[in-house]
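Asker: Okay, here's the prediction I keep looking at, along with the sequence it came from:
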Amino acid sequence: MRFFHLTSSSLAASLLLYLPRLASCQGGEFTLSCLPLTYQRSDPILFPGVVSPHTHVVVGGTNFNRTMSEDLAPNAQNTTCSVNIDRSNYWQPLLYHLNSDGTFEAIPFQGNVCVFLPCAIIAEWSFTVFFCRRQAVYYLNRACNYTAGATSCPTNGSYPLAPPAGLRMVAGNPMLRTYNDSNFAQRAMSHMCLTETDSIYTNSLPSQPCLRLRAQTFFPSCWDGKNLDSPDHTSHMSYPAIGDYNTGVCPESHPVAIFSIFLEFFYDVSNYTDYENWVYAMGDPTGYGLHADFVNGWTDIDALQNAFATCTGPQGENDPGCSITGGHVQGATTQQDAFPAPAEDLGLTAPIPALPGNNPVTGSASDRQTSS
């Protein structure tokens, strides 16, 4: 998929140009916008009940906690995302800046504007036009069930399975500092450098200044059909066997295709032009260690299952027949987590002497990609 950054004037022109095409939308995706819920060293999937080695930024349901039972997320009282019945939690590592004096400070998220032209454009031109400065969660119709001999997915309007209640997933590996383009799990982690005139895609952190940085994570879309989690938190899920990380036929070992989930987290890096000093919370200056976690908290799985059929037409989630909104999309809102974050200085308001957890910086910014 190619992406193009638009100025406000070119956005308006593109809206007028492409809006009539939305009537041909074939149910390819629906989108949630979200605001941050909490910043903390917690990861209830990989480190349940204990402190996580590094800082995460979390969006979604207000029951995020270091210990999360299967029913905790869907019983949250609210969410920071724009679809009220999604009480799921989504999180990524926080991005920091290494200052010249050796201290670190968190790089801030940016903005509250999101306009998105969805699946009709993808289907017809294979690119997306966007103007978005808010954390976004995309649910996509990209993978299909394993079928012996199949080399591509059917085009008959069938849909994958909604993520089952209680499902937990992780994507990416925080320890990676090198990149293997033949590995789907590594290809699924990427970054977009947004400038005044261009958008530059890399799997690593960018090798140039940006106005905004978008950290992108694509979760595996193929499920073993049995387990909601696994001891290593990855083996119950897989990327497609035929196609690419973001589309295709599921493997026989993981035969059940589920909705593909794609996260975009935005950072305002305009005041941090020394891009080589951007570093993720786990001490990663390369960006190859980008990762994400998902705890399913949808309160109505049947409504979610029907979302591709009812929420992806010309009106999108504003359609009165949309199963997950009833046509009433709430704005992404700031909320208080029901479980306050543990007290710790994470560098959110002033520099700190070390990355939280005392994580050393490992790897080098010189190992980043230059462009793609």
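Answerer: Received it, and whenever you're ready, just let me know what you need. It should be emphasised that the depicted structure is a prediction, and the values quoted were computed from it without experimental measurement.
Asker: Name the nearest residue to P320, ignoring sequence neighbours.
Answerer: Excluding the flanking residues, the one nearest P320 by CB to CB, 6 or more residues apart in numbering is G327, at 3.7 Å. All C-beta spots, glycine's among them, are computed from the backbone N, C-alpha and C.
Asker: just C322 next, same as before
Answerer: Using CB to CB, 6+ apart, the closest residue to C322 is C311 (3.9 Å).
Asker: if I look at the residue nearest to P320, how far off is E276?
Answerer: Using CB to CB, to the nearest Å, G327 is found at 47 Å from E276.
Asker: Ok, N156 next?
Answerer: Counting by CB to CB, the separation of N156 from E276 is 49 Å.
Asker: who has more neighbours, the two?
Answerer: Of the pair N156 and E276, E276 is the one with more neighbours under other CB atoms under 10 Å, namely 15 against 5.
Asker: wait, isn't the more buried one in contact with G287?
Answerer: No: judged on CB atoms under 8 Å, E276 makes no contact with G287 at a distance of 11.5 Å.
Asker: where does the residue nearest the centre of the chain fall, phi/psi-wise?
Answerer: Nearest to the geometric centre of the chain sits L263, at 1.3 Å (CA atoms, centre = their mean). The phi and psi torsions at L263 (degrees, to the nearest 10) take the values phi -110, psi 140.
Asker: Show me the beta-bridge partners of it.
Answerer: Beta-bridge partners of L263, counted by DSSP bridges, are V137, T217.
Asker: Return the per-residue confidence for it.
Answerer: What the model reports as pLDDT for L263 is 95.
Asker: can you check Q315 too?
Answerer: The score at Q315 is 89. That number is its pLDDT.
Asker: State the number of residues packed around it.
Answerer: Neighbour number of Q315 under other CB under 10 Å is 14.
Asker: for it, what are its contacts?
Answerer: C322, G327 (CB atoms under 8 Å, 6 or more residues apart in numbering).
Asker: same check, this time on A171
Answerer: If a contact means CB under 8 Å, 6+ apart, then A171 has A185, A188, M189, T217, F218, F219, P220, H291, A292, D293, F294 as its contacts.
Asker: Grab the nearest non-local neighbour of the fifth one.
Answerer: It refers to F218. Spatial nearest neighbour of F218, excluding adjacent residues (CB to CB, 6+ apart): A188 at 4.0 Å.
Asker: Pretty sure the one you found sits against T247.
Answerer: No: in this structure, A188 is not within contact of T247 by CB under 8 Å, at 11.4 Å.
Asker: which residues touch the residue nearest to T178 when sequence neighbours are not counted?
Answerer: Nearest residue to T178, sequence neighbours excluded (CB to CB, 6+ apart): Y288, at 6.3 Å. Contact analysis of Y288 by CB under 8 Å, 6+ apart lists L176, R177, T178, Y179, Q186, M189, N203, S204, G363, D367.
Asker: Kindly report the same for A162.
Answerer: The contact partners of A162, by CB under 8 Å, 6+ apart, come to I258, F259, W298, I301, L304, Q305, A307.
Asker: taking these one by one, which sit in helices?
Answerer: I301, L304, Q305, A307 (DSSP state H).
Asker: low pLDDT regions in the chain?
Answerer: Scanning the chain for pLDDT under 70 picks out 1-27, 110-134, 372.
Asker: can we see that at 50?
Answerer: Counting by pLDDT under 50, the chain contains low-confidence residues at 1-26, 111-133.
Asker: quick one: E317 is in a strand?
Answerer: No: the assignment for E317, made by DSSP: H, G, I helix; E, B strand; the rest coil, is helix rather than a strand.
Asker: Run a quick neighbour tally on it.
Answerer: Applying other CB under 10 Å, we find 21 residues neighbouring E317.
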